[in-house]
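>>> Below are the sequence and a predicted model for it; my questions follow.
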Amino acid sequence: MYNNKKCVTVFGSSIPKQGEDEYETAYKLGSIFAKAGLNVCSGGYHGIMDAVSKGCKENGGEALGVTFDIYNAIPSQYLSQELKCYTLLERLKNLIEFGDAYVVLQGGTGTLVELALVWEYMNKNMIEEKPFAAHGSIWKEIVPIVEKQIAKEKRKNGLVDCFNDIEMCGEFIIQRLL
């Protein structure tokens, strides 16, 4: 990002609306990061992406949106900057490259792809290991299952830390970046 602060890429669903738990959790995380002097990067649209951008921007941080207009969606109004991509793979590449750390919030198959891609890149040394956290019950179920297979394959374990508490998740990332 252009102000030289470290940036946390946050992945999550585009579905949650303001007032819903998942939206408010993402808003809180964006606020936590901004207050600690970090910026955020997201897919730049609605739901969790909008919430984390809003929380960050309203608390003095910058919010980068890496967009790929597949559905004629309107980017979040809380973006400080938008990077338009022309393919999904370009978008994923940029979301990963801009992150000094990663947080995966609630989401579906798109979020699962993002989790798996970051995890695979770190596991295969395609990117350096960076702080990587997942928040929510879905990931507390999925991550241990994948970790068992990774251990069986004698690959790196412990690359993703799971949290139920968003403050603890945020603090985990902050302590490792600052």
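The structure has been received and is ready for your questions. Residues are numbered from 1 along each chain as shown.

>>> Provide the partner residues of residue 39 in its beta bridges.
Listed beta-bridge partners, residue 39: residue 7 (assigned using DSSP bridges).

>>> which ones are touching it?
The contact partners of residue 39, taken as C-beta atoms under 8 Å, 6 or more residues apart in numbering, are 1, 3, 5-8, 33, 56, 61-64, 80. All C-beta spots, glycine's among them, are computed from the backbone N, C-alpha and C.

>>> what separates it from residue 7, distance-wise?
For residue 39, the distance to residue 7 (C-beta to C-beta, to the nearest Å) stands at 4 Å.

>>> Show me the shaky parts of this structure.
1-2 (pLDDT under 70).

>>> Among the contacts of residue 39, name the buried ones.
1, 5, 6, 7, 8, 33, 56, 61, 62, 63, 64, 80 (16 or more other C-beta atoms under 10 Å).

>>> and these as CSV, adding distance to residue 112 and secondary structure?
Rendered in CSV, the data for the buried ones among the contacts of residue 39 read as follows (distance: C-beta to C-beta, whole Å; DSSP: H, G, I helix; E, B strand; the rest coil):
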residue, distance to residue 112, secondary structure
1, 26, coil
5, 29, coil
6, 25, coil
7, 22, strand
8, 19, strand
33, 23, helix
56, 24, helix
61, 27, coil
62, 27, coil
63, 23, strand
64, 22, strand
80, 28, coil
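
>>> What's the end-to-end length of stretch 7-15?
Stretch 7-15 has an end-to-end distance of 23 Å (criterion: C-alpha to C-alpha, to the nearest Å).

>>> what residues does it touch?
Stretch 7-15 is contacted from outside by 1, 22, 26, 29-30, 33, 38-43, 45-49, 52, 64, 73, 95-96, 98-108, 110-111, 114-115, 173, 177, using C-beta under 8 Å, 6+ apart.

>>> Many thanks, have a good one.
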